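Peer 1: Let me see the structure of the following:
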Amino acid sequence: MTAIRHTLQRDVFLPNDERLIGVVHVSKAGKKKKVSFLCATVTTDQPAQVCLHKVKKTDKDAYKKRQSWPLAELKICDGKDPKTDVPDFDLHFEKVYKWIASNVAEKNAFMSSLWKLSQRYLKQLKKPDFINVKPALLEEYLSLDQAKVAQSEDDLNNEDYQALSGREEADLERMMAECEFAIGNAEAFIERLANDLSVLDGANIHSIIESQQEVARLMFLLDDSLREVNKVDSSLDEYDKMLEGVRVHMEIMEQKDSMIQIQSQNHGQLLSGVETIMQKLDMPHQQQLALLDRDLGSPKGIMDCTAAAQVLQEKMDAELLPGLGKMRAVVEQRELLTNLQEKFAQRLAIHLNNVFIQQGADMSEMMHTLGNRLTLPKHFTFHRDLIPYAELMQWLRKADRTSFQQLGKIYTDNLKKVYERELKDFFERARQAVMMKGKTADIKKYGLKGDKGSTTPEPSRGGARTKTGTPSLQEFSANLKAAETDLNEKQKFDMVFTQLLNEIQPMCNSEQDFCTKFFGYGLDTEGVDAEFFPMADQVDGGSFSRYKKHEGHDEVDGKLTTHGMRKVMGELFQCLEPEFKSFVTFSERMDNFNSVYMLVRISPHVMSSETQAKSASYFSIIMANCLVEVKRNFDKYMDNLIRSVEETRISKKSKCGILPFVKEFETFACQAESVFKGSDLRGNLDKAYAKLALAQFRIIHRVALEHQKTPSDVIIFENFHHVHDVLSRLKITCLESERKEAKQQYQDHLQSYVRDSLGRPMEKLNHFFEGIQVLVSQGVKEEEVGYQIQFSKQELRKIIKEYPQKEVKKNLDNLIKKVEKTLCEEENLIQVVWRMMQEDFIRQYKHIETMIGRCYPGSKIFLEFTIQDVLQFFTDIAQSH
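Peer 2: Numbers count the residues shown, from 1 in each chain. Down below sits the predicted model:
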């Protein structure tokens, strides 16, 4: 087997740079035993490739590869039985190959070689599975000794079959050439080799001896180096002893220097502390004089006192280190500052008290200059005079809270009386303006402007409106067809109410802004929640009840919160909300429709505060509370409208015509659309529209059933025609489905009325042909109907003679008279009804002509009048009526 292995390596694998690792002599199971070899090889180049080859011997005694497989493609190596020695084994590639080894030893050696090759060269790839193989053949089950033996054997095998390099071959050939006698005399060749070996050994010994001499010289040099190092160490020890004394002296000097530095730092800090105390507590003499003597009535004096007060406050608020406050000088200085603060606070309080009282008296005198004009006095000049004291008031709040609160009380006590008189007089003039009969010239004396300069300016071509959605005089006139020179009552009220809001809002906002700046009442948003401003179309009558006034002045970061502002504004304008609600009640009693105007005009003031909570004003709060009342009045007004529709009673002795509530709906819708145009409260009107339309439709049908004079179809189609016309003109989006329903009701009942009123003008002819249709339905052919006695041509001619032109025209003339008595003139639907009757009559005429042509072909039987005659009949009758 060794010779075969050598031959395979030389002839088959060496030319391909492959090295033979394992070989087994095999034959295929179940076939004629042909000699072949399974060989495992590794390539000599890198990276190494491991392959399995099937090699056969040719007829010329040469070996040749027949089949090859990469080891990586081997999936399973099956040894058949791990306990019994059998020569069979299987190799699983893409297909299974079954082999029988020549003996068990070769099989085991080959299986072991395959396992080693897979472990060594397939580290990163999937390794084949070895099943039914004895554990002893696998490396992990070998003992250490066995592993060494196996390794040595493998190395020997590898050495036996390792190819010589080119240099080795050249050396071997040279030696063989020099020793040609070795072939004939082996002993002489061995002797020569022994001599060469001894020469080489001698050379090695000389080399070793020379190396020992070099080592001895190196050791000598190391000894000299150690002696020099010892000398250096001795010198360093002497130097260290000399420096020991110097170090002691340096430590003493360092301690003295540290003490000097500490003393210097203490002196510096003490001086800095004294200077800090002086800066924090020392009040300049000029500023002390300003607080004690400077005139608070002049702008220069106010500026000087403000600057001095701020400096004084800084001195009073100065913080010192713990313990310094007990120093005698500090205590005396603080007592001086406190005394100065108390004197100036008292002087400032007395001065502002006098100013408040004087301004209250001056404001009262302003009321007499207004006359009957619907305006409120402007307090701008008074606020302007007080604003310079704002910073001093903030100082006073910190310095003397009691004086600050007393001044606030004095201010509110004086001003609330002024505001109460102004507001009561203002609302009284507003009531008089509402009750006054509305001539434009008379309105102007109340300060309400007409076409030019009005508080409700004229809209642009696109229908522009004011910011609050207030319609102009021209818009009202166009919608309600009012006279050019006279103001109708609703428009007059809208102008008065708009003027009222336009006067009150600036007054409240101006006073609130002044209190914010002067008294420091902050408008933080902590006290303002979105629930205080619910959407008006969601108001249920009680939502705004949460808008309560909180007692007490809460303070956050030195600024009074919104609650404090509400309290001050509530005290100043105690009568505003009651007076406003009283005016709302008065206006609602004057005309229920006024609640519509008030709802739309008030809502923008509430909505703007809802979207901008930071700018929420006291006026918005009052408007929110009043909006609840107005919304209730609006809901009550709509409920009354619906109730009046449901309680409608019509006289049954006269012609019905257009129902009153239908006319009222037109008026209401025109006015409401004008008022709500562009308003955010459109949802409220849409809900009211839906309820009102539903009630109208229901009551129209009820009246139609109950009325005895006018046919129900007439009542329904006339009224629904009117409703459809109104909804089409106004284009109310939310009532689009109701508009379509009104149109459908109008068309259905119009057709029903025409059908019932016209009937069948040629009744006998219609009855005649109905009998013919019965026969045809029973199976009689149409052209054979004439053979029936009762449907003969003679019978047909006889019936036709009963409907001459004169008789037909007379019947139609009587019909239009009946229609005129039934329909009302308001809707002008007589022509519509007459045209539909004409179309229905012509339809019946064509039907009769068609039946004559189909049942009596060629008989030349015709009616005594043509379609042109019918059209002329209807035209003449329509023109005569």
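
Peer 1: Below-threshold pLDDT in the stretch 401-550 of the chain: ranges please.
Peer 2: 437-487, 522-550 (pLDDT under 70).

Peer 1: Which strands or helices does the helix or strand hosting Phe665 pack on?
Peer 2: Using DSSP states H and E, Phe665 maps to helix 660-676. Helices and strands touching helix 660-676, as assessed by 3 or more Cβ pairs under 8 Å, 6 or more residues apart in numbering; DSSP states H and E, comprise helix 473-480, helix 594-611, helix 618-646, helix 682-706, helix 712-730. (Each C-beta comes from the backbone N, C-alpha and C, glycine too.)

Peer 1: would you turn those helices into CSV with mean neighbour count and distance to Asn353?
Peer 2: Converted to CSV, those look like this (neighbours: other Cβ atoms under 10 Å; distance: least, Cβ to Cβ, whole Å):
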stretch, mean neighbour count, distance to Asn353
helix 473-480, 18, 49
helix 594-611, 22, 34
helix 618-646, 20, 25
helix 682-706, 18, 50
helix 712-730, 22, 62
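
Peer 1: Can you give me the distance of Leu138 to Trp69?
Peer 2: 21 Å (Cβ to Cβ, to the nearest Å).

Peer 1: again with Met393
Peer 2: Met393 is 105 Å from Trp69, by Cβ to Cβ.

Peer 1: what does Tyr389 give?
Peer 2: 109 Å.

Peer 1: who's more crowded, those two?
Peer 2: Per other Cβ atoms under 10 Å, whichever of Tyr389 and Trp69 has more neighbours is Tyr389, with 21 against 16.

Peer 1: Can you give me every residue that contacts the more buried one?
Peer 2: Tyr389 is in contact with Ile302, Leu352, Val355, Phe518, counting by Cβ atoms under 8 Å, 6 or more residues apart in numbering.

Peer 1: out of these, which are inside helices?
Peer 2: Counting by DSSP state H, the part of the contacts of Tyr389 found in helices is Ile302, Leu352, Val355, Phe518.

Peer 1: List only buried entries from those.
Peer 2: Ile302, Leu352, Val355, Phe518 (16 or more other Cβ atoms under 10 Å).

Peer 1: on that earlier part again, who's in contact with the helix holding Phe665?
Peer 2: Contacts for helix 660-676 (Cβ under 8 Å, 6+ apart): 471, 475-476, 479-480, 490, 494, 593, 596-597, 600, 641, 644-645, 648, 682, 685, 689, 692, 696, 699-700, 719, 722-723, 726, 730, 732.

Peer 1: Dump that helix to CSV, restricted to CA.
Peer 2: C-alpha atoms of helix 660-676 as CSV (Å, rounded to 0.1, in the frame of the first residue of the first chain):
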residue,chain,number,x,y,z
PRO,A,660,-99.3,84.5,8.8
PHE,A,661,-96.4,82.6,10.3
VAL,A,662,-95.0,81.9,6.8
LYS,A,663,-94.9,85.7,6.2
GLU,A,664,-93.5,86.3,9.7
PHE,A,665,-90.7,83.7,9.0
GLU,A,666,-89.7,85.7,5.9
THR,A,667,-89.4,88.9,7.9
PHE,A,668,-87.6,87.2,10.7
ALA,A,669,-85.2,85.4,8.3
CYS,A,670,-84.3,88.6,6.4
GLN,A,671,-83.6,90.4,9.7
ALA,A,672,-81.7,87.5,11.3
GLU,A,673,-79.5,86.9,8.2
SER,A,674,-78.6,90.6,8.2
VAL,A,675,-77.7,90.6,11.9
PHE,A,676,-75.9,87.2,12.0
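
Peer 1: How far does that helix sit from its chain's centre?
Peer 2: 40 Å (Cα atoms, centre = their mean, to the nearest Å).

Peer 1: and it, which residues are buried?
Peer 2: 661-662, 665-666, 668-676.

Peer 1: ditto for stretch 817-832
Peer 2: Per 16+ other Cβ under 10 Å, stretch 817-832 contains these buried residues: Val819, Thr822, Leu823, Cys824, Glu827, Leu829, Ile830.

Peer 1: That one: end-to-end distance?
Peer 2: 15 Å (Cα to Cα, to the nearest Å).

Peer 1: in the stretch 151-300 of the chain, which spans are strands?
Peer 2: In the stretch 151-300 of the chain, no strands are defined using DSSP state E, counting those that start in this stretch.

Peer 1: Tell me the spacing between the residue lying closest to Arg755 once chain neighbours are set aside and Ser225.
Peer 2: Nearest non-adjacent residue to Arg755, counting by Cβ to Cβ, 6 or more residues apart in numbering: Asp840, 7.0 Å away. Distance, Asp840 to Ser225, using Cβ to Cβ: 142 Å.

Peer 1: next helix or strand past the helix or strand hosting Ala3?
Peer 2: If you go by DSSP H and E, Ala3 is part of helix 2-8. Next helix or strand after helix 2-8 toward the C-terminus (DSSP H and E): strand 18-28.

Peer 1: Let's verify Ser679: helix, strand, or coil?
Peer 2: State at Ser679, reduced to three classes by DSSP: H, G, I helix; E, B strand; the rest coil: coil.

Peer 1: just checking, it touches Arg601?
Peer 2: No - taking Cβ atoms under 8 Å as the definition, Ser679 is not a contact partner of Arg601, at 9.2 Å.

Peer 1: Just give me how far the helix holding Ala3 sits from the chain centre.
Peer 2: The answer for helix 2-8 is 86 Å, by Cα atoms, centre = their mean.
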